[in-house]
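J.: Next input, structure requested:
(2 chains)
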Amino acid sequence: MPQAGQHEHSIERMSVTQTQAERTAASQCWSCKALARGGHFCVSCGKIQPLPRGTDYFAFFGLPQKVGLDEGAFEERFHKLSWKLHPDNFVRTGEYERSLSLERSSELNDAYRTLRDPLSRVEYLLEHLGIRKEGTTKQQAPPELLEEVFELNESLDELREAKAEGGDTANMRERLAAAEKNFQQKLDEVDAELAGLGREWDAALDAKADDAPKKAVLARMNEVLNRRSYIRNLVFGVQKELAEA
Amino acid sequence: MGRVVGIDLGTTFSLIAYMDQRTNEPKCIRGPYDSPLCPSIVSAKLDGKVIVGEPARRRLLTHPARTIYSVKRLMGRGVADVQDELKLFPFRIDPDGGNVIRVRLGEKLFTPPEISAYILRELKSWAENHFKETVDRAVITVPAYFNDAQRQATKDAGRIAGLDVLRLVNEPTAAALAYGLHKQKRGRVAVYDFGGGTFDISVLKLVATGEGDIYQVLSTNGDTHLGGDDIDNALLDLARKEIHAQFGIKLDPRGEAVQELRKELIRVKHELSAENETVVQFPLGPKGMYVRTIGRTEFEALIQPIIARTMTPVKMALADAKFVPADIEEVVLVGGSTRIPVVRKTVGDYFHRPPHCELDPDQVVALGAAVQADILESGVKTMLLLDVTPLSLGIETMGGVVAKIIPRNSTIPASAQEMFTTGVEKQTAIDVHVLQGERELAKDCRSLSRFQLKVAPGPAGLARVEVKFLIDANGILQVAARDLRTNEQQTVEVQPSYGLSDGEIERMLEESLEFAERDISERQLIEARNEAETILQATIKTLGDPRARELSAEESTEIQESIARLRVAMVGTDYKLIRDKIDGLNEATMHLAEMLMNSTLQSALQGKRLEDV
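T.: Here you go, the predicted structure:
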């Protein structure tokens, strides 16, 4: 009897300094054997190229690994690349080129989906640089929030009890709504903190700073992200309970 | 290679369209009944021959046990999925088929893709008649909210019908394409597609770029079991209850009488889109007649819950696109049910703007499919559709919880890579269960496929198998696995849970080719007879013309004999013989035709009207 599979998430770990160009510089075009230079298409014959393993989403878009993003230019780039890579262009080509188009256009869309959203962009950056492991956020309450979380959980318990006994819940709902507002505000604060760290990281990249200070910024970003995820779950929980009440 | 077409395979009607290269506009092809709408109805005759469309619709009343409609509701589904449907629709499902749906039509059993393939083949023959050329490739539309299995089933139907399915396109996206092309509009568009059996809402962004126009779908939502059929059922429910109360008659929901009543109620529904009041009239034999006046207000109240059901997906799609109603610049209505005034009003009120309905809501999807087919075929790209996957893709993890790996509304193609390992020592295979849906537990999502990854036995956790899940541009899942320790690629058979295997499709394709040959020769016979009839009548009419008296006796005899020979051939079934005798008659009347032509020409030159000659 086969056992149910355990699945874990795969992350290509790599050093902060390694770049896409270094990893793919030596690749040859599959069709004309010219040096393909790691682009989407061969510079010599124009044929679509296979996607090297471990390509990163930033490099795919030709972007630096920054938190800040010019959304308009990003959308435009997405449309340009879609126009070139979409399987529509390869309906009449051979099977191999069709498979390459599928590979590249799905990577494009995966990258677009991930980088478009500011939060998932930061998460991806941290995962990509080996700072964060996907799906393993710490579910411990941040120390400064312990007291409030304790109170919140108590209120939630009371509400559930009252609901089970068919009692009046209006009072508790009010308290919970106030707590939700409070945590929502904390979420905004955390987001502001994260944005600040993002700017710090981008500036360090621009200044070609050393690895050590850069890693320190990343570590702090990761911490804030964990805190954010914890608070977000709290807010979700309260909202769910309120919606059901 | 033959022609390429766009096909709207609908619940109630299906259409086929092509790109007119002269006008550079898409056009629907009309069938033998001079309508572009082919009723999606299939009927098996006593001799085993299967008929489709209008003639099949007529048999709905005379041979309900041999006729099926709304088969789209069964596509890509298992018996357990359709229990609710079975209460409302007279599907005769084989009880011995396990969870695989097989429908009984007369003596034979058919899978839903086979039945849909009959509809596709009928449309294909319309197009082949139109072009006088084979048609072998098509873009087929599907509801945006169709899941993987429903898409796969549609693609299978295409293959069984002998069509290379170039692409499955979502119906609202196809409509947006036809609409955008027609109006030359840009901006944020919502397409509200309320058809016979499905409801879809899609939110798109139409962007002009340096290369051409991009139709980017931002979000989609819907209900694959909500449509005009439900409105018919609500009316039917009311009428059956009243008939029971007034006459004590309980109409069998699968009987002929109910089909007749449904037909009358559909007429009433259509009439209430134009009139404020109409009368239902339904004879009940010796017990009298059910006569009932129904006003628009009562009708609107009756269908209000159904229309309300469309608004939940609308709100969710807007939220997913991160829009509020006021952000939407244009609202496009698609599908026959959007002809109902209260539907238009509800949508208009929600978006605070009158919706567009200037394109025929029945044809717009097929027209869009034809545009996309032309783009794929010609390789000349003037626009690009970027569509999304309607449902999240997930895999089952410990405790029956679903881990989402590709979220809904991701632009397709989209992919996700996951690493799998073993949980116990000496394990030789890892089970992977792929699901689609938004719920957290596997049991609440739609099971797409289960497969096993083979691994060499070893300590727990040593194996490393990387699985790549990829949703292609059709919205269909592909899976590839690679053992990272041996670097060996594994082929993964993704067998849809209730789908057809490749072998089954091959067999159906072979059978269909046999049928097709028979169908073609029958069609040729009909065409030859029709042509013979036309030329016979024309000849007889011409022989009555005064100018025909100038023919020699020999010529007259030859013509009379040719007519007789053609009449004999027409009684037979050899279309080649009929063609041969048509040619014979044409030859015999050649001189006569020339004579008439000359005198007509002369009179034309003299400036006289033909009738005056």
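
J.: Would you agree B:A138 falls within a strand?
T.: Yes. Counting by DSSP: H, G, I helix; E, B strand; the rest coil, B:A138 is found in a strand.

J.: what pLDDT does it get?
T.: Looking at B:A138, its pLDDT is 97.

J.: cool, and B:I249?
T.: 87.

J.: Find the residue closest to it in space, skipping its chain neighbours.
T.: If you skip the residues right next to it in sequence, B:I249 has B:I243 as its closest partner in space, 5.5 Å away by Cβ to Cβ, 6 or more residues apart in numbering or on different chains. Any C-beta I mention is one placed from the backbone N, CA and C, and that applies to glycine too.

J.: isn't the one you found right up against B:L251?
T.: Yes. Applying Cβ atoms under 8 Å, one finds B:I243 in contact with B:L251, separated by 6.4 Å.

J.: What ranges does chain A have for its helices?
T.: A:20-24, A:57-60, A:71-85, A:95-116, A:118-128, A:146-165, A:170-206, A:211-244 (DSSP state H).

J.: can you list those in CSV and add mean neighbour count, distance to chain B and mean pLDDT?
T.: As requested, these are arranged in CSV below (neighbours: other Cβ atoms under 10 Å in any protein chain shown; distance: least, Cβ to the nearest Cβ, whole Å; pLDDT from 0 to 100):
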stretch, mean neighbour count, distance to chain B, mean pLDDT
helix A:20-24, 14, 17, 44
helix A:57-60, 20, 12, 94
helix A:71-85, 16, 5, 94
helix A:95-116, 20, 4, 94
helix A:118-128, 19, 10, 92
helix A:146-165, 14, 19, 78
helix A:170-206, 15, 16, 88
helix A:211-244, 16, 12, 85
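
J.: Rebuild those helices as a markdown table, extending it with distance to B:A456.
T.: Below are the helices of chain A laid out as a markdown table (distance: least, Cβ to Cβ, whole Å):
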| stretch | distance to B:A456 |
| --- | --- |
| helix A:20-24 | 29 |
| helix A:57-60 | 33 |
| helix A:71-85 | 37 |
| helix A:95-116 | 27 |
| helix A:118-128 | 29 |
| helix A:146-165 | 47 |
| helix A:170-206 | 43 |
| helix A:211-244 | 36 |
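
J.: And these: which comes nearest B:E298?
T.: helix A:211-244 (34.5 Å; Cβ to Cβ).

J.: Distance check, the residue nearest to B:I249 against B:G288.
T.: Computed as Cβ to Cβ, to the nearest Å, the B:I243 to B:G288 distance reads 10 Å.

J.: what does B:A528 give?
T.: When B:A528 is compared with B:G288 (using Cβ to Cβ), they lie 50 Å apart.

J.: higher neighbour count, the two?
T.: Per other Cβ atoms under 10 Å in any protein chain shown, whichever of B:A528 and B:G288 has more neighbours is B:A528, with 21 against 10.

J.: Does that one touch B:D583 like I think?
T.: No. Between B:A528 and B:D583 there is no contact under Cβ under 8 Å: 11.1 Å.

J.: Dihedrals phi and psi, B:P354?
T.: Torsion angles at B:P354 (phi, psi; degrees, to the nearest 10) stand at phi -70, psi 130.

J.: likewise A:V91?
T.: Phi and psi for A:V91, reported as degrees, to the nearest 10, are phi -60, psi -30.

J.: all strands in the stretch 351-500 of chain B, in order from the N-terminus.
T.: Taking DSSP state E, counting those that start in this stretch, the strands of the stretch 351-500 of chain B run over residues B:383-386, B:393-396, B:402-406, B:414-421, B:429-436, B:446-454, B:465-471, B:477-483, B:488-491.

J.: Return the most buried member of those.
T.: Across the strands of the stretch 351-500 of chain B, the average number of neighbours (mean count of other Cβ atoms under 10 Å in any protein chain shown) peaks for strand B:393-396, which reaches a mean of 24.

J.: Partner strands of it, with direction?
T.: If you go by DSSP bridges, strand B:393-396 pairs up with strand B:402-406 (antiparallel), strand B:429-436 (antiparallel).

J.: centre of the chain versus it, how much separation?
T.: 29 Å (Cα atoms, centre = their mean, to the nearest Å).

J.: For it, output the C-alpha coordinates as PDB.
T.: What follows is strand B:393-396 as a C-alpha-only set of coordinates in PDB (Å, rounded to 0.1, in the frame of the first residue of the first chain):
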ATOM      1  CA  LEU B 393      -5.900  24.200  -8.200                       C
ATOM      2  CA  GLY B 394      -4.900  22.300  -5.100                       C
ATOM      3  CA  ILE B 395      -3.400  19.000  -3.800                       C
ATOM      4  CA  GLU B 396      -4.600  17.000  -0.900                       C
END
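
J.: show me the contacts for the residue of the stretch 1-150 of chain B found nearest chain A.
T.: Closest residue of the stretch 1-150 of chain B to chain A, Cβ to the nearest Cβ: B:R137 (9.6 Å). By Cβ atoms under 8 Å, 6 or more residues apart in numbering or on different chains, the residues touching B:R137 are B:M1, B:G2, B:R3, B:V4, B:V5, B:L163, B:D164, B:V165, B:L166, B:A373, B:E377.

J.: got a winner among those for most neighbours?
T.: B:V5 (31 neighbours).

J.: Could you list the domains of the chain?
T.: This is for chain A. Residue ranges for the domains of chain A, per automatic domain parsing: A:20-116, A:143-244.

J.: Chain B was what I was after
T.: B:3-227+B:305-386, B:228-304, B:393-499, B:503-612.

J.: In chain A, which residue sits furthest out from the middle?
T.: What lies farthest from the middle of chain A is A:G167; by Cα atoms, centre = their mean that is 43.1 Å.

J.: Flag every residue of the stretch 151-300 of chain B that's near chain A.
T.: B:L166, B:R167, B:V207, B:T209, B:G210, B:E211, B:G212, B:I214, B:Q216 (Cβ under 8 Å from any Cβ of the partner chain).

J.: Go through those residues and say which is closest to B:M316.
T.: Closest approach to B:M316 among these (Cβ to Cβ): B:Q216, at 18.6 Å.

J.: Can you tell me which helices and strands the helix or strand containing that closest one packs against?
T.: Using DSSP states H and E, B:Q216 sits in strand B:213-223. If you count contacts as 3 or more Cβ pairs under 8 Å, 6 or more residues apart in numbering or on different chains; DSSP states H and E, strand B:213-223 packs onto helix A:71-85, helix B:171-183, strand B:199-208, helix B:296-320, strand B:383-386.

J.: Right, I'll call it a day here.
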